[in-house]
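Chemist: need a structure here:
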Amino acid sequence: MQALMRIPLIWWAIGMDTSAYILAVIGLSPAYPATPLGFAALAYHAAGVLAFEEPDTVPQANVAYAYARPFAVAFALLAATRVLEAFGPVRERYLWLRNRFDQTVGGKKLAVVVGLGWIGAPLVEKLQRRRARRPVVAVEVDDESPVVQDARRHGTLVVTGNVTDVATQDRIPFHEASEVFVATGDDARNVEIAGALLEASWRWRRSRTLGPLRCYVHLASAGRQQALSRHGLWAAHGKNIELYAFSQPELAARDLFFHAERGLGMDAALQPVPKSKEPFHLFVFGFGPTGRSVARHLARFGHFGSLVRPRLTVFPLRSDQPFEQFLERHPGFAPPHLDLANEAFEHIEADDWDVRHGRPVSERYRFDPATHAVEYAVNAESIPLTHDIQSEAVTGAILKRLQRSAGRRVRAAIVVCFEEDRLSFESALNLQHALFHHAAEAGYTDGPIPIYIYLPVEHGLASVIDRRRLEGEATATPAKRFPMRPFGRRDEVTSYERITRPDLAMHARGARQVYKRIEPFEGAVSHPDFVMSNLDAAQHAVVKLAALGIELTEPGKLPPEGAVRVLPELLSDDIDEQITRLSRHRIDAERFLTLAPRVQQRIALMNAVAGPNESAAEAVQAAIDAAVDDFEAGLLAARRDPQLVAQMEHHRWMGERLTAGWRYGKRSNVLRTRPSMVPWVYLDSHNQRHDRIDLVRFLVQEWAWGRTSYFGDDPATEGSMRTTGHSRRSA
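Modeler: Numbers count the residues shown, from 1 in each chain. Below you'll find the model as predicted:
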């Protein structure tokens with residue numbers, strides 16, 4: 001039924017027309033001789049059936065002709081409906097009815113898109129693609145706008161008006177929608193619309209099955225997004241609405257780090273060997289909105305199994321925001337005036353989290369060393385781009401920082417993200433050529449070092465780079481030593497899946513619920529920053545899995561023969577059957593206490609216990625701890641470090657918090673301080689427990705979605721591929 005619903009009206013009309021004509025030919029053929037004149041008369045009178053004409057001679061008891069007439073009527077009605085669609089009121093009413101049909105019969109959820117600009121228009125188009133078409137209502141101000149006319153020609157219901165007005169709001173079925181996307185092109189306007197919807201939400205009568213309306217608001221400035229977050233705008237959810245912000249530069253940076261084998265988190269060549277103390281060094285050319293987002297993402301996600309701070313070198317243009325202003329906005333990002341070519345950074349301790357090699361004296365860093373406080377997240381420096389990008393001064397600065405320090409290899413990547421596509425493209429080509437020749441002259445043989453190019457609009461240039469990667473790397477030495485990768489295409493990064501991140505959102509909700517079970521401090525997980533932290537932890541899981549050599553199969557696929565399963569007793573079909581027999585909903589606390597230990601562990605990690613009393617709450621915590629202990633025992637048996645991922649998670653959490661302005665101090669959500677801003681070894685057992693739970697809960701949720709986890713190659717083994725089979729659609 002749903003497959004038939006996806007067929008456009010025009011094809012239904014053509015099908016009815018063709019069927020009526022063929023049936024008329026079959027039904028009337030006995031009445032006409034098999035001569036050229038007879039065939040001509042047959043064709044003429046068969047076509048007359050479409051105009052409701054009655055031939056002089058009709059064979060008796062003719063079933064085909066009997067069916068041809070109602071098919072002709074159906075064709076006329078469909079054709080008339082198609083013609084009436086051209087008239088505004090009729091077309092709008094028809095689209096309303098079609099949306100209602102898709103919702104009630106097709107079971108599809110309505111989406112509202114406010115603004116048909118470069119974000120809204122492609123989003124509407126993708127939501128209404130034929131196979132997975134969803135009912136959509138678009139909202140624009142100007143009824144005569146070309147984008148409005150184009151959207152209507154493609155069958156989109158467009159409501160024109162000011163969405164902040166009550167009259168316009170009443171014309172839009174917010175009470176029936178599951179999501180609304182606000183992307184008008186003006187940040188202030190988007191925030192105003194979000195506030196108006198928050199105020200109006202009390203009037204909506206939403207069903208419990210729909211839940212609160214999820215409102216995604218675009219803010220081009222990631223700094224503005226953070227400022228509003230600090231003032232609690234995104235925490236001001238109403239009963240019927242939840243507000244979420246997204247930013248195109250932030251989405252582009254996430255694409256760089258995590259998307260489809262093109263990013264830092266997924267590329268095995270960029271992951272330092274666990275416990276190797278190999279630093280990861282990122283070079284960023286251009287420090288506009290995208291460059292700043294890339295820098296923040298490095299602080300949030302550049303934490304690999306080597307357990308050292310990431311390094312960053314920024315080459316800003318004169319027109320970019322000064323790096324010093326960036327540090328004023330993000331005081332925990334890096335100390336000012338660092339020089340990563342300094343002799344201090346040849347020591348292994350220079351990248352550790354609890355020492356201060358190479359750090360300049362500053363009033364900002366006056367903590368007592370006895371506290372072991374971690375003061376910043378990234379070893380970062382800025383080198384103004386005053387020379388040509390292919391000059392030896394620029395390439396020499398890169399190669400000098402890539403020389404082995406204390407016998408360690410420096411893993412590196414280069415990002416060219418000027419805000420103008422063609423400048424990024426030309427600069428990356430010149431840099432690749434210069435680096436290849438200057439590296440050969442300097443005797444630098446490590447690599448490859450990928451060059452990522454920010455190309456949001458120029459699809460043709462991105463296609464050229466992709467083809468060059470596929471055809472040239474095997475033969476062209478520069479492309480092999482310094483391969484180029486495009487990232488950040490607008491139509492990809494602002495897609496529905498990238499904005500909403502459904503898998504990651506479910507992971508984040510699950511993590512928050514589990515932490516509430518074990519967190520004794522009321523309100524400790526309710527701060528909006530920790531909601532983002534749970535999302536980031538789920539995103540960072542692919543990096544942790546690669547560090548452990550754990551691979552995930554896609555749903556329905558079995559691991560290779562002989563593969564060693566992770567948590568085989570906990571993640572088994574037998575427990576799935578037991579949970580299915582118990583209930584599809586949450587299990588009451590009394591029943592939970594009667595279950596087998598393995599079943600208790602799965603249910604506790606999936607937070608499927610309804611309102612446990614005091615004794616059941618202790619049992620829930622004990623079940624979670626038992627699952628974590630089993631996981632770490634399995635890691636030890638597979639020759640993996642049981643504490644590695646917990647330490648990586650702690651570094652990720654500190655990097656994220658420090659960049660957002662949190663500091664060491666007494667626990668306070670108001671002052672944004674935490675006593676856990678210290679290296680892992682100085683954490684108390686309670687805070688270590690948080691970090692140890694995260695990946696176990698992640699693997700349990702992935703199993704519930706049909707993904708089996710097993711141990712692949714040991715990442716610490718020389719020559720290991722060190723890849724992960726995990727591919728996240730929402731990443």
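
Chemist: just so I have it, where are all the helices in the stretch 151-300 of the chain?
Modeler: 166-170, 187-200, 222-230, 248-258, 289-301 (DSSP state H, counting those that start in this stretch).

Chemist: Now the element after the last one, going C-ward?
Modeler: Translated: helix 289-301. Downstream of helix 289-301, the first helix or strand assigned by DSSP states H and E is strand 311-315.

Chemist: strand partners of that following strand, parallel vs antiparallel please.
Modeler: strand 280-285 (parallel), strand 379-382 (parallel) (DSSP bridges).

Chemist: Go through that strand and flag the buried ones.
Modeler: Neighbour-count burial for strand 311-315 flags 311, 312, 313, 314, 315 (criterion: 16 or more other Cβ atoms under 10 Å). Every C-beta, even on glycine, is put in place using the N, C-alpha and C of the backbone.

Chemist: What's the first helix or strand after that strand?
Modeler: Next element after strand 311-315 (DSSP H and E): helix 323-329.

Chemist: by contact count, what packs against that following helix?
Modeler: Applying 3 or more Cβ pairs under 8 Å, 6 or more residues apart in numbering; DSSP states H and E, we find helix 323-329 packed against strand 379-382.

Chemist: what's near enough to touch residue 434?
Modeler: By Cβ atoms under 8 Å, 6 or more residues apart in numbering, the contact list for residue 434 reads 389, 390, 391, 392, 394, 395.

Chemist: Report pLDDT for residue 9.
Modeler: According to the per-residue confidence, residue 9 scores 55 in pLDDT.

Chemist: go on, residue 77?
Modeler: So residue 77 comes in at 63 (pLDDT).

Chemist: Check residue 167 too.
Modeler: 90.

Chemist: nearest residue to it other than its sequence neighbours?
Modeler: residue 161 (7.2 Å; Cβ to Cβ, 6 or more residues apart in numbering).

Chemist: what's the closest of the helices of the stretch 151-300 of the chain to residue 645?
Modeler: helix 289-301 (14.2 Å; Cβ to Cβ).

Chemist: Let me know the average pLDDT across that closest one.
Modeler: pLDDT averaged over helix 289-301 gives 94.

Chemist: Which neighbouring elements make contact with it?
Modeler: Using 3+ Cβ pairs under 8 Å, 6+ apart, helix 289-301 sits against helix 222-230, helix 248-258, strand 280-285, strand 311-315, helix 528-548, helix 644-659.

Chemist: Now do the contacts for residue 650.
Modeler: Taking Cβ under 8 Å, 6+ apart as the test, what residue 650 contacts is 680, 683, 688, 691.

Chemist: ok now do the third one, which residues does it touch?
Modeler: Taking Cβ under 8 Å, 6+ apart as the criterion, residue 688 is in contact with 646, 650, 680.

Chemist: rerun that using 7 Å as the cut-off
Modeler: Counting by Cβ atoms under 7 Å, 6 or more residues apart in numbering, residue 688 touches residue 646.

Chemist: and what of the second one?
Modeler: If a contact means Cβ under 7 Å, 6+ apart, then residue 683 has 650, 676 as its contacts.
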